[in-house]
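Peer 1: sequence first, predicted coordinates after that:
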Amino acid sequence: MTPSDVKATLSFSDGSPSIDLPLYKGSIGPDVIDIRKLYGQTGKFTYDPGFLSTASCQSTITYIDGDKGELLYRGYPIEQLATQCDFLDTCYLLLYGELPNEQKQKDFHKLVSEHTMVHEQMQFFLRGFRRDAHPMAVLTGLVGALSAFYHDSTDINNPTHRNIAAIRLIAKMPTLVAMAYKYGEGQPYVYPRNKLSYAGNFMRMMFATPCEDYEPNEVLVRAMDRIFILHADHEQNASTSTVRLCGSSGTNPFAAIAAGVACLWGPAHGGANEAALNMLEDIQRNGGIEKIGEFIKQVKDKNSSVKLMGFGHRVYKNYDPRAKLMRETCYEVLGALGLENDPLFKLAMALEKIALEDEYFVARKLYPNVDFYSGIVQRAIGIPVSLFTAIFALARTVGWIAQLNEMIGDPEYKIGRPRQLFVGSERRDVPPLHQR
Ligand code: SDX
């Protein structure tokens, strides 16, 4: 970051001494006011509970321009990566900062494919769950359990250890997600087949059975790979911030990623794709396109807790570029499957059209986000709704790891420890029981 020649001067109306705060410029995006010395100089904290105006770190990985609806991974537009690269190229880019050349691409693919199996003991963790456990509950447990196998071989401050942990997590997440799915289905696990592509291997682990050969449908594999690319990273979102804060204690990367999985599960975050599809199915069940007006009325009614899931975003105040690409993928997949007239897809597009013309949404700059269409594509591919967020976690693991490694690799990083505005009881003495 570059010091700006502009200073911020903070003055107080009660005559307390004003202070100058340095400003820093990034390569693109808003400048920041460095408040690290604020408490020391004024005895005051800043207050920003939802971090709406707070930069928690400096990063070189992902940049979002919310007004333009632009998303760059290491400077490359998501539209180009999603159409010209595959997910493992994107992983390499997020981890190491550049796209791989042919040799590096081959080496990286080979390295990842050599780590796709999980320890046989992992099956016994699954057996502790009910068969109808939510896949995100299972995945949170399984990713945390990886610590038990690698905790003593992961010195988070050793760059080589960090790199192997990254490869292990990227390679094993598809295996774990597929195991969580098979466990719920009551079907045997399918071991990875390393000659397949990353997405092809995942599809086979998900849908193959010992009873017959399985050939992944290349259109669906490509769609799956694109879904992974679109979900790979997204600057300092809630789950990435969770991973950074968790990792800042020096815990092992498997535990930090497990914390990210747990955070992503929430319906305001990664759980929105499952919620969005359930919302579409509810509208469909209650009358479909004719009932959209009634549903939109509920959403606008402050007394109802109804939200248009898959709409709105803390940063995008324009169309989420990932939603556009996901909608295109909907056309491709539904077309390839002869489902062009899929009623839910038609309902989603009608709902989007009506919302984008409604003053409530326009005034609040609420547009479709990545979760609005992703459920329709995943459902068409055969992914059960309850597994949507686990797929999101599978894809986001590389972003979490890249952001974690960037933080740990920064010699200036410290353990994250926010302060608070205390509004509770002042000091008081414990009364004897008979006086309480
Ligand atoms: C992801 O951070 C990331 O980058 C996340 C993510 C990633 O890749 O990591 O992009 C992935 O999580 C995408 C977002 C998925 N979540 C949803 O689709 C759930 C529905 N969306 C909302 O819950 C909401 O839009 C959030 C949580 C996404 C953003 O919330 P903010 O920024 O805190 O905005 P807000 O709740 O203050 O909303 C501003 C106004 C409010 O109305 P008023 O109080 O001003 O009258 O807009 C309204 C909100 O009520 N609003 C919605 C709405 N989203 C916001 N009203 C109806 N439907 C919605 N979806």
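Peer 2: Looks like it came in fine. Numbers count the residues shown, from 1 in each chain.

Peer 1: flag the shaky bits of the stretch 51-200 of the chain, pLDDT-wise.
Peer 2: 152-153 (pLDDT under 70).

Peer 1: for the chain, which residues are neighbours of the ligand?
Peer 2: Selection of the chain residues close to the ligand by CB under 6 Å from any ligand atom yields 234, 237, 268-270, 272, 299, 307-315, 364, 366, 369-371. Where C-beta positions appear, they are placed from N, C-alpha and C, glycine not excepted.

Peer 1: buried subset of these?
Peer 2: By the neighbour-count criterion of 16 or more other CB atoms under 10 Å, these include these buried positions: 234, 237, 269-270, 272, 299, 307-313, 315, 366, 369-371.

Peer 1: so, low pLDDT: which residues of the stretch 251-400 of the chain?
Peer 2: Residues of the stretch 251-400 of the chain that meet the cut-off, pLDDT under 70, do not exist.

Peer 1: strands along that one, start to end?
Peer 2: Residue ranges of strands cannot be listed for the stretch 251-400 of the chain, since DSSP state E, counting those that start in this stretch assigns none.

Peer 1: and the residue in the stretch 51-200 of the chain that the ligand sits nearest to, which of the three is it?
Peer 2: Among residues of the stretch 51-200 of the chain, the one nearest the ligand by CB to the nearest ligand atom turns out to be residue 64. It sits 7.2 Å away. Assigned by DSSP: H, G, I helix; E, B strand; the rest coil, the conformation of residue 64 is strand.

Peer 1: beta partners for it?
Peer 2: As for beta bridges, residue 64 partners with residue 71 under DSSP bridges.

Peer 1: what about it, neighbour count?
Peer 2: Neighbouring residues of residue 64 were enumerated by other CB atoms under 10 Å; the total is 22.

Peer 1: which residues sit in contact with it?
Peer 2: Contacts for residue 64 (CB atoms under 8 Å, 6 or more residues apart in numbering) come out as 70-72, 234-235, 315-316.

Peer 1: repeat for residue 36
Peer 2: Taking CB under 8 Å, 6+ apart as the contact definition, residue 36 lies against nothing.

Peer 1: how near is it to residue 125?
Peer 2: Separation of residue 36 from residue 125 (CB to CB, to the nearest Å): 42 Å.

Peer 1: give me the pLDDT value at the residue nearest to residue 382 when sequence neighbours are not counted.
Peer 2: Spatially, and ignoring its direct neighbours in sequence, residue 382 is nearest to residue 207 (6.4 Å; CB to CB, 6 or more residues apart in numbering). Model confidence at residue 207, expressed as pLDDT, equals 97.

Peer 1: quick one: residues contacting residue 207.
Peer 2: Contacts for residue 207 were tallied using CB under 8 Å, 6+ apart; they are 214, 216, 382.

Peer 1: can you count the residues close to residue 406?
Peer 2: 19.

Peer 1: and it, which helix or strand is it part of?
Peer 2: Assigning secondary structure by DSSP states H and E places residue 406 in helix 388-408.

Peer 1: how far does that helix sit from the chain's center?
Peer 2: 7 Å (CA atoms, centre = their mean, to the nearest Å).

Peer 1: list the buried residues in it.
Peer 2: When burial is assessed from 16+ other CB under 10 Å, helix 388-408 yields the following buried residues: 388-408.

Peer 1: in this protein, which residue sits closest to the ligand?
Peer 2: Among all residues of the chain, residue 312 sits closest to the ligand, at 2.3 Å; criterion: CB to the nearest ligand atom.

Peer 1: so who does that residue touch?
Peer 2: So, once contact is read as CB under 8 Å, 6+ apart, residue 312 ends up touching 364, 366-367, 369.

Peer 1: any idea which element the closest residue to residue 145 other than its chain neighbours lies in?
Peer 2: Setting aside the residues directly before and after it, residue 145 is nearest to residue 125 in space (CB to CB, 6+ apart), at 4.9 Å. Assigned by DSSP H and E, residue 125 falls within helix 122-126.

Peer 1: which helices and strands does that helix pack with?
Peer 2: helix 135-150, helix 159-185 (3 or more CB pairs under 8 Å, 6 or more residues apart in numbering; DSSP states H and E).

Peer 1: turn those into CSV, columns for mean neighbour count.
Peer 2: Converted to CSV, those look like this (neighbours: other CB atoms under 10 Å):
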stretch, mean neighbour count
helix 135-150, 21
helix 159-185, 21
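
Peer 1: I'd like those helices as CSV, with distance to residue 428 appended.
Peer 2: Supplementary listing: the helices and strands packed on helix 122-126 in CSV, determined by distance: least, CB to CB, whole Å:
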stretch, distance to residue 428
helix 135-150, 39
helix 159-185, 48
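
Peer 1: measure stretch 347-364 end to end?
Peer 2: Terminal residues of stretch 347-364 lie 22 Å apart, using CA to CA, to the nearest Å.

Peer 1: got the contact list for it?
Peer 2: Residues outside stretch 347-364 that contact it (CB under 8 Å, 6+ apart) are 280, 283-284, 288-289, 292-293, 295-296, 299-300, 308, 311-312, 327, 366-368, 372-373, 376.

Peer 1: which of those fall within helices?
Peer 2: In helices, defined here by DSSP state H, the members of the contacts of stretch 347-364 are 280, 283-284, 292-293, 295-296, 299-300, 327, 372-373, 376.

Peer 1: mind checking the SS state of residue 20?
Peer 2: strand.

Peer 1: re earlier: now, of the contacts of residue 207, which are buried?
Peer 2: For the contacts of residue 207, a neighbour count by 16+ other CB under 10 Å gives the buried set as residue 216.

Peer 1: going by distance to residue 246, which of the contacts of residue 207 wins?
Peer 2: The nearest member of the contacts of residue 207 to residue 246, counting by CB to CB, is residue 382 at 33.3 Å.

Peer 1: spit out the contact partners of the closest one.
Peer 2: Going by CB under 8 Å, 6+ apart, residue 382 touches 206-207, 220.
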